[in-house]
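Engineer: model the structure of this input:
(2 chains, ligands or ions: 1)
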Amino acid sequence: MPDKRENIRIGVFICHCGSNIAGYLDVEELEAFAKTLPNVAFVVRNLYTCSEGGINEIKNAIDEQNLNRVVVASCTPRTHEPLFRSSCAEAGLNPYLFEMVNIRDQCSWVHMREREKGTSKAKDLIRMGVAKAALLEPQEPIISEVHAARALVIGGGIAGMTASIALGDRGYEVVLVEKEERLGGMLNRLNMLGPTMTDAGDMVKEKIETITDHPNITVFTRATVTDVDGFIGNYEVDIETKSGNEKVDIGVIIVATGGRLFVPEGLYGYDGRRVITQLEVEEVLGRGLDPAVKNIVMIQCVGSRNEERPYCARICCQTAVKNAILITEQNPDAKVSILYRDMQMYGVENEEMFRDSKVKGVRFIKYDPARPPRVEEGKVSVFHSLLGREMDLLADLVVLSTPVVPQEDADVTSKILTVPVDENGFFLEGHVKLRPLDFATDGVFLCGSARFPANIRETVAQGLGAASRASIPLSKGFVVVEPIISVLADEDACRGCGLCVALCPYSALEVRDTEKGRKVHVIDVSCKGCGVCAATCYQHALSINSFTDQQINAQIAAFLN
Amino acid sequence: MCTGRLDPAIVAGAFRQGLDGLLTVGCYFGDCHYITGNVQAKAKIDITRKVLKHAGLNEERLAFRQCSSGEASVFVDLVSQFDEKIHSLGPLGGAGDRVKAPEIFKKLETAEAALTSEKIRWVIGKRTPFLETGNIYGEIFTEHEFNRAVEMIIVEETQVQEILGGLKEGARSVKDLAKRLDIPPERVFRYITALQRKNLVALQGVNGRSPVFQLTA
Ligand SMILES: Cc1cc2nc3c(=O)[nH]c(=O)nc-3n(C[C@H](O)[C@H](O)[C@H](O)COP(=O)(O)OP(=O)(O)OC[C@H]3O[C@@H](n4cnc5c(N)ncnc54)[C@H](O)[C@@H]3O)c2cc1C
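Structural biologist: Next comes the predicted model:
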């Protein structure tokens, strides 16, 4: 409980977020309203509270107005809470005496066409935030050591190999776990790599050699991770290998499990011989194209951008154009036609490759998904949607461009690591823009096509990025854990019954013998602050910092009044 | 923080203060950032809903739904549908609920006490282990068996709380309590003796032939 004698002085900062908030809510009314709330000593509006000017205003007000609680009503705590917390700290206010009210993502953006209702909801939210702020208590961060300065990389494709080498070169130990017999992933099955037309085999070989010779990298092939226990800096990982099980201490984890190519069973007469995928044509080109194959038709967006798989897999157009060029190079009188819905050829090099393919005589024909091409014996019929007429194309070989889809065992990996996947089944990063290579869970990172289909340039960039992110806790040697965790607030009330211990998802609670009898003990760094224990304890002995029963009840009461 | 933080007593308290509807949206099972927090949340909400229903509240006022952070349109649908539902039910204690205002608020006070009590919270906490790994004798319950046991406990615990609530207003005889609360006298007597053993109530005297009890200080 805050000291009763303490005079609570709350400062409320209302952000316009340019026009993101001010354009849809009546911010002047919000300001006037905030002034009427209990314990509020100061209210101001900012064009951008997160700008340097806004931050200075917070700092000055803490000093000049003697504020001991700060409320910012703005965008979202997901992105901006850390910034505002540290601004409070810089002004000498404990950062946990800060409360954020989300009036943009959860209000102005939702109610863009309901100014009055939106404003009234924002008032409710501010009233609730202020009510909670009055009850906030200072907290001190928890420092946890990184016990194992070692990284686990799951998946030995180009992403995982790149990340492993980068971390190994920085001097950290790396354990690389690959499911297959050989490192290399998808690249093992590719021929030449666009847009630079590098030999895929050479690229893989070079990487494998670097890794094999690397003193800091241990590789397990035909191996999988079966269990992960612990938390950032202190994981215990079980690995099943071909020669037995291994247990290793790990500090950080990188997920680089890649993806697989969708096999179009039952689509366009796919048979793996005359109607094949881009992956199969890579193998054909690797062996050398039969000179008798003169007419080739490629069909884009097979099994993608439909109801079942609504996404564009991004790399299929590049792959098709690349292989079309390679075909014309192997077989100069071959005629290649690419039937497309939209060409996805982003980036300078890809655009150049696109132009080059046209110079080499590759034909591009736009089809309408409502009237898809029909593959028949020796020909493909298509309705040319720009010319508006049906045409027949001779076809000795049909190549279907199918999307990269998630690994079949992605859900297993997701459960072992408790990291989420998105609606398509790819791993979901912590934040699209702000944490693109981190999972929301501290200590776990991702890169490559495990995240979303990517070409090699992007995959390598992500592998390097993930390695760089993962090296931060390794090089610091400690991590600072948020103190928003469970605490035994009322030791006398605890009966040591153990109901909470059985429910804790993190094994962060244990019953210990104390002078006062059997009492529950919270293991600080293991606790993630989910709150299951506090919501279960019938003695109300456990509480969650910054989410106490009193604080939640104060918010509810403020909402209902 | 997770949906698992949702304390059943806080939920009941919010309705007692006039809340019309509460929608909890958690992650899909297996996708919980807190591993099993959402499983606990669902167990809590399910049993809380039964207690509130027993108190006379329309059970649709309290919902648990699931969607992922990547499914904006699913979320919008969930919220819109729930909003519509609550509007169709109208304010708490009106035509949409079995017990009407202001009576319902008194009932919700009892429900809140029941949801704070050891017995019901123990049952909520044990739901998953009972259904999955069994009780201390290794007996695994089916969902149906478990729910029947829960229904019984809810009825009993609500009556116990009603008795305690009745005694808050002053000492009362068993007969008097039975009449006021519409609970058979032998039941009241059984609860009272259990409460006496826990030292929560004490015998004050005898009125006619019925013993009179009061809350212990
Ligand atoms: C037909 C085709 C042609 C392409 N052509 C080009 C091109 O010309 N130019 C270009 O830039 N890009 C091209 N690409 C894209 C390129 O293949 C990808 O960018 C690259 O493979 C991504 O690397 P990755 O490491 O993320 O995934 P992957 O290559 O898929 O590697 C993932 C690795 O993880 C392993 N793994 C999976 N699950 C587990 C697990 N649970 N435990 C342990 N290990 C696991 C897999 O066995 C695999 O070795 C092409 C892709 C396709 C399909």
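Engineer: where does chain B dip in pLDDT?
Structural biologist: B:133-134, B:136 (pLDDT under 70).
Engineer: would you map the helices across it?
Structural biologist: In chain B, the segments counted as helices under DSSP state H are B:8-16, B:37-54, B:72-89, B:103-116, B:118-132, B:143-168, B:174-181, B:185-197.
Engineer: among the ones you listed, which is nearest A:Glu99?
Structural biologist: helix B:8-16 (18.5 Å; C-beta to C-beta). Any C-beta I mention is one placed from the backbone N, CA and C, and that applies to glycine too.
Engineer: now the angle from that closest one to helix B:103-116?
Structural biologist: Comparing the axes of helix B:8-16 and helix B:103-116 via axes from the mean of the first three to the mean of the last three C-alpha atoms, to 10 degrees yields an angle of 170 degrees.
Engineer: circling back to that earlier point, would you list the helices of chain B in CSV and tack on mean neighbour count?
Structural biologist: Below are those laid out as CSV (neighbours: other C-beta atoms under 10 Å in any protein chain shown):
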stretch, mean neighbour count
helix B:8-16, 23
helix B:37-54, 23
helix B:72-89, 14
helix B:103-116, 22
helix B:118-132, 18
helix B:143-168, 17
helix B:174-181, 18
helix B:185-197, 16
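Engineer: so which of those is nearest the ligand?
Structural biologist: Among the helices of chain B, the nearest to the ligand by C-beta to the nearest ligand atom is helix B:37-54 (24.4 Å).
Engineer: and the angle from the closest one to helix B:8-16?
Structural biologist: Going by the same axes, to 10 degrees, helix B:37-54 is angled at 50 degrees with respect to helix B:8-16.
Engineer: and helix B:37-54, what does it pack against?
Structural biologist: Helix B:37-54 sits against helix A:532-536, helix B:8-16, strand B:22-26, strand B:62-66, helix B:103-116, helix B:118-132, helix B:143-168, with contacts defined as 3 or more C-beta pairs under 8 Å, 6 or more residues apart in numbering or on different chains; DSSP states H and E.
Engineer: phi, psi of the one residue in chain B that gets nearest to the ligand?
Structural biologist: Of all residues in chain B, B:Gly30 sits closest to the ligand, at 16.4 Å by C-beta to the nearest ligand atom. B:Gly30 adopts backbone torsions of phi 90, psi -20, taken as degrees, to the nearest 10.
Engineer: check the residue nearest to it when sequence neighbours are not counted and give its pLDDT.
Structural biologist: Setting aside the residues directly before and after it, B:Gly30 is nearest to A:Lys415 in space (C-beta to C-beta, 6 or more residues apart in numbering or on different chains), at 5.8 Å. As predicted, A:Lys415 sits at a pLDDT of 85.
Engineer: return the alpha-carbon coordinates of whichever helix or strand A:Lys415 is part of using PDB.
Structural biologist: In the assignment (DSSP states H and E), A:Lys415 maps to helix A:410-417. The C-alpha trace of helix A:410-417 is given here as PDB (Å, rounded to 0.1, in the frame of the first residue of the first chain):
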ATOM      1  CA  ALA A 410       6.400 -25.900 -36.700                       C
ATOM      2  CA  ASP A 411       3.700 -26.300 -34.100                       C
ATOM      3  CA  VAL A 412       5.900 -28.700 -32.100                       C
ATOM      4  CA  THR A 413       8.700 -26.200 -32.100                       C
ATOM      5  CA  SER A 414       6.300 -23.500 -31.100                       C
ATOM      6  CA  LYS A 415       5.100 -25.500 -28.100                       C
ATOM      7  CA  ILE A 416       8.500 -26.500 -26.900                       C
ATOM      8  CA  LEU A 417       9.700 -22.900 -26.900                       C
END
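Engineer: is any part of the host helix or strand of A:Asp356 close to the ligand?
Structural biologist: Assigned by DSSP H and E, A:Asp356 belongs to helix A:348-359. No - against the ligand, helix A:348-359 shows no contacts by C-beta under 6 Å from any ligand atom, the least distance being 9.5 Å.
Engineer: and the gap between the residue of chain A found nearest chain B and B:Phe64?
Structural biologist: Residue nearest to chain B within chain A: A:Gly531 (2.7 Å; C-beta to the nearest C-beta). Going from A:Gly531 to B:Phe64 by C-beta to C-beta, to the nearest Å gives 16 Å.
Engineer: now do A:Leu289
Structural biologist: Using C-beta to C-beta, A:Leu289 is found at 58 Å from B:Phe64.
Engineer: ok, then the element right after the helix holding A:Asp356?
Structural biologist: That would be, after helix A:348-359 and using DSSP H and E, strand A:363-366.
Engineer: any buried residues in that following strand, and which?
Structural biologist: Using 16 or more other C-beta atoms under 10 Å in any protein chain shown as the test for burial, strand A:363-366 gives A:Phe364, A:Ile365, A:Lys366.
Engineer: near the ligand, which residues of the stretch 101-250 of chain A show up?
Structural biologist: Contact residues, the stretch 101-250 of chain A versus the ligand (C-beta under 6 Å from any ligand atom): A:154-160, A:177-180, A:185-187, A:190, A:193-194, A:224.
Engineer: those, buried ones only, as a PyMOL selection?
Structural biologist: In PyMOL, a selection of the buried entries from these looks like this (16+ other C-beta under 10 Å):
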select buried, chain A and resi 154+155+156+157+158+159+160+177+178+179+185+186+187+190+193+194+224
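Engineer: list the buried residues of the worst-scoring helix or strand of chain A on mean pLDDT.
Structural biologist: Lowest mean confidence among the helices and strands of chain A (mean pLDDT, DSSP states H and E): strand A:478-481, at a mean of 87. For strand A:478-481, the neighbour count (16+ other C-beta under 10 Å) marks A:Val479, A:Val481 as buried.
Engineer: and whatever helix or strand comes next after that strand, which strands flank it?
Structural biologist: The C-terminal neighbour of strand A:478-481 among helices and strands, as given by DSSP H and E, is strand A:486-488. Applying DSSP bridges, strand A:486-488 is found paired with strand A:542-544 (antiparallel).
Engineer: next structured bit after the partner strand?
Structural biologist: Counting by DSSP H and E, what follows strand A:542-544 is helix A:549-560.
Engineer: all good on my end, thank you.
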